[in-house]
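# Next one to model:
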Amino acid sequence: MKLFVIAAVLAVAATAPSSYKPEYKAPAYAAPSYSAPAYAAPSYSAPAYAAPAYAKDNKYAGITVTSQSDERNLDGSSQWSYAQSDYTTREESQVQKKLQGVAYDSYGKATYEDVMGNTNKGSSYWVSPEGEKFTLTWVADEQGFKPKGDHLPVAPVHVYELPVAPVHEYELPVAPALPYKRTGLGYSGTSYY
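Below you'll find the model as predicted:
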């Protein structure tokens, strides 16, 4: 019965005439009647500073950046590079990686857990003032920092024969005779039987 009453009320509300007029137009508003305040020109003159003279003391004035890129990704990786007009270049990339790390609690106890770390690799190229060309590449990961370049010093290689340990022949001492004789489950002689 309640459902019938609700349906009848909804039917009457749906058939009632609406007061909405389709020819409705929004009212027009006039532009504001105020204007911006007028400020008087300052009574003092702006100080006259000389342009900085960088070019006369800068021995690298002609070097400019010819290209540059920088890319950052949502996963935490990135790569960037630049090149200059003196042929100097540098590029580097890094990736986040899950590594085994050590964490210490408030008592100083070490726990080993997975941590996020960065692994980097890159290269650089430049020409020295003497005209020597240098190339450096590197990798920095969980194994450490590993640079490579022809200009880096290299540890000397020692070629030698490992010494051989001397061989001595020893005679093992003979065990002394025991004061008892083993028989069955017990001892005979000076021990318990």
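# What segments of the chain are helices?
2-15 (DSSP state H).
# for it, what's the longest strand?
Among the segments of the chain that qualify as a strand by DSSP state E, the longest is strand 110-127.
# What are the contacting residues of that one?
Under the contact criterion C-beta atoms under 8 Å, 6 or more residues apart in numbering, strand 110-127 has outside partners 76, 86-105, 133-142. Every residue, glycine included, has its C-beta placed from N, CA and C.
# do stretch 78-96 as well
With contacts defined as C-beta under 8 Å, 6+ apart, stretch 78-96 is touched by 60, 62-72, 75-77, 116-127.
# Buried among those? Need that as a selection in ChimeraX.
A single ChimeraX command selects the buried members of the contacts of stretch 78-96 (16 or more other C-beta atoms under 10 Å):
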select :119,121,122,124
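# pLDDT below threshold where in the protein?
Within the chain, the segments meeting pLDDT under 70 span 9, 11-24, 26, 29-37, 46-61, 178-193.
# Pick out the residue nearest the middle of it.
In the chain, the C-alpha nearest the mean C-alpha coordinate belongs to Asn118, at 4.2 Å (C-alpha atoms, centre = their mean).
# Quickly note the distance from that one to Ala103.
Asn118 sits 18 Å away from Ala103, going by C-beta to C-beta, to the nearest Å.
# How about Thr119?
Noted for Thr119: a distance of 20 Å to Ala103, by C-beta to C-beta.
# beta partners of the residue nearest to the centre of the chain?
For Asn118, the beta-bridge partners under DSSP bridges are Gln96.
# What of Val102?
Applying DSSP bridges, one finds that Val102 bridges with Tyr112.
# List the contacts of it.
Counting by C-beta under 8 Å, 6+ apart, Val102 touches Ala110, Thr111, Tyr112.
# now, which of the residues you listed sits nearest Pro173?
Ala110 (48.4 Å; C-beta to C-beta).
# how close does that closest one get to Lys97?
For Ala110, the distance to Lys97 - C-beta to C-beta - is 21 Å.
# more crowded one of these two?
Lys97 (14 against 8; other C-beta atoms under 10 Å).
# who touches the more buried one in this structure?
When contacts are counted by C-beta under 8 Å, 6+ apart, Lys97 is found next to Met116, Gly117, Asn118, Thr119, Asp141, Glu142.
# Throw those into a markdown table and include distance to Phe4, thanks.
Formatted as a markdown table, the contacts of Lys97 follow (distance: C-beta to C-beta, whole Å):
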| residue | distance to Phe4 |
| --- | --- |
| Met116 | 66 |
| Gly117 | 72 |
| Asn118 | 72 |
| Thr119 | 74 |
| Asp141 | 78 |
| Glu142 | 77 |
